[in-house]
Structure formats: C-alpha cells, structure tokens
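Novice: how would this look folded up:
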Amino acid sequence: MSRWLRRIVTVLLAFAVAVIVLVVGLGWFIAPRDDLRKSDAIVVVSGGDTTTRADAGIKLWKDGWSQTIVFAGAAADRGTSNAKVMQQRALAHGVPLTATIVEEQSRSTQENARYLKPVFKAQDIRSAILVTSPYHARRTKVTFEREFGEGYEFRIHPANDRRWARSSWWQNGDTIRLTLSEAGKTFYAAFVD
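Specialist: Residues are numbered from 1 along each chain as shown. This is a model prediction of the structure:
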C-alpha cells in the first residue's frame with residue numbers, strides 16, 4: 001500500500017472514530033445522572049412524559065431522599081396545571097399534602113428556575129434533586145445553577161424515557177431531532193442566556 005493511500009485510510013478512520021465518539025458522547029453529555037444525596041427537596045419539572053417524571057420523583061420521595069417534593073409547571077392547556085396534576089398523583093400514591101409544594105405558572109425550564117427561587121428562599125431549601133427526562137437533564141441543571149447562583153446544590157436524576165436513550169438516540173428520526181434540539185438549547189442556556 002502506498003504512503004498516500006495509507007494517509008487517506010488513516011484520515012478516514014480518524015474521521016469515522018470522531019463521528020462515533022461525537023454521536024455516542026452527545027447522548028451522554030445531554031443526559032447526565034448524578035449520584036444521589038439526601039437533599040432539602042426533590043423538584044419534578046413538567047414536560048415530555050410528565051407522568052413518568054412524577055413517578056420518578058414520587059419514588060425518590062418514598063425512598064427517603066428528601067422530605068419535600070416540589071412539582072413545577074403550568075397547564076399544558078387551559079385546564080389544571082401540570083404541577084397540580086403531578087401533586088394529585090403523589091397524593092394518590094401516599095405522599096402527604098404537607099410534603100408537597102406546587103409552582104403552577106412556569107411554562108419553560110427558565111421559568112421553572114425563576115419561579116422556584118423565591119420558594120426555595122422562603123422554605124430555606126439549599127439543595128435539590130432535579131427530576132426530568134434524560135434528554136432534558138443537563139439543560140435543567142445548567143438553567144437552575146445559573147438562575148440560583150452560589151449557595152445551592154443541584155443534582156440531576158433523569159426519569160426513564162420509553163422513546164429516548166443516551167446510548168441509542170441516533171437510531172430514530174424523532175429522537176435525533178429531539179437530541180440535536182436539546183443540545184442546542186443546552187448550549188444556549190449555558191453560554192448565551
């Protein structure tokens with residue numbers, strides 16, 4: 001094999017490896033999972049599969065990771081807020097009303113953080129486990145950390161998602177679009193917003 005041909009093969013192999021690393025790495029980047037630590041609150045943000053997110057937060061509460069569970073999110077339509085629906089689900093699963101807080105106005109991740117900041121101050125909440133869909137995890141954590149600033153600790157716990165997995169997101173057109181959209185929104189939240 002000539003030197004020129006070896007260089008072409010090497011460049012093509014390097015390019016292929018870089019693409020594979022980027023594709024696989026992007027899923028792991030946008031969907032971190034922190035080690036759990038007892039926290040002042042569990043915060044479940046609505047969106048995506050809200051029921052699955054609520055169930056993941058309820059399980060964390062039942063497992064003793066916090067004594068307080070916060071549900072955040074406005075109504076998807078003009079009806080009952082997502083936060084209230086999640087709270088009602090928690091109550092039906094044995095979580096006492098006194099252990100819950102609802103924030104019913106937020107319509108975005110940024111608003112979730114903005115509207116919960118005064119609630120955290122009033123309740124002296126300094127640490128929280130954030131529960132959301134895996135593809136939304138990094139953006140949620142970045143947004144909360146930027147909004148709250150120093151003195152708060154946020155750990156991310158993604159709920160399971162039937163459609164999306166960080167190790168296979170590139171296998172379906174819908175999950176490709178979702179992943180690329182979340183990657184862009186995460187970049188914007190981290191560096192522009």
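Novice: CA atoms for contacts and neighbours, from now on please.
Specialist: OK.
Novice: could you look up the SS state of the residue nearest to Ser81 when sequence neighbours are not counted?
Specialist: Nearest residue to Ser81 in three dimensions, chain neighbours excluded: Ala75, at 3.6 Å (CA to CA, 6 or more residues apart in numbering). Using DSSP: H, G, I helix; E, B strand; the rest coil, the structure places Ala75 in coil.
Novice: which residues touch Ala75?
Specialist: Contact analysis of Ala75 by CA atoms under 8 Å, 6 or more residues apart in numbering lists 81-83, 104.
Novice: any chance of those residues in JSON lines, plus secondary structure, pLDDT and neighbour count?
Specialist: Shown next, in JSON lines, are these (DSSP: H, G, I helix; E, B strand; the rest coil; pLDDT from 0 to 100; neighbours: other CA atoms under 10 Å):
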{"residue": "Ser81", "secondary structure": "coil", "pLDDT": "93", "neighbour count": "22"}
{"residue": "Asn82", "secondary structure": "helix", "pLDDT": "94", "neighbour count": "28"}
{"residue": "Ala83", "secondary structure": "helix", "pLDDT": "96", "neighbour count": "26"}
{"residue": "Glu104", "secondary structure": "coil", "pLDDT": "94", "neighbour count": "18"}
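Novice: nearest to Gly184, of those?
Specialist: Nearest to Gly184 among the contacts of Ala75 is Asn82, at 25.2 Å by CA to CA.
Novice: just list the residues touching that closest one, thanks.
Specialist: Asn82 touches 46, 50, 72-76, 104, counting by CA under 8 Å, 6+ apart.
Novice: show me which of these has the smallest pLDDT value.
Specialist: Ranked by pLDDT, these bottom out at Ala76 (78).
Novice: what's the burial count for that residue?
Specialist: Ala76 is flanked by 12 other residues according to other CA atoms under 10 Å.
Novice: how much space separates the nearest residue to it once chain neighbours are set aside from Arg163?
Specialist: Excluding the flanking residues, the one nearest Ala76 by CA to CA, 6+ apart is Asn82, at 6.7 Å. Distance of Asn82 to Arg163, given as CA to CA, to the nearest Å: 21 Å.
Novice: next one: Val43
Specialist: Computed as CA to CA, the Val43 to Arg163 distance reads 22 Å.
Novice: who's more crowded, the two?
Specialist: Val43 (27 against 11).
Novice: for that one, what are its contacts?
Specialist: 57, 69-72, 128-131.
Novice: cutoff 7 Å now
Specialist: Going by CA atoms under 7 Å, 6 or more residues apart in numbering, Val43 touches 69-71, 128-131.
Novice: go ahead and list the helix or strand containing Ile42.
Specialist: According to DSSP states H and E, Ile42 maps onto strand 41-45.
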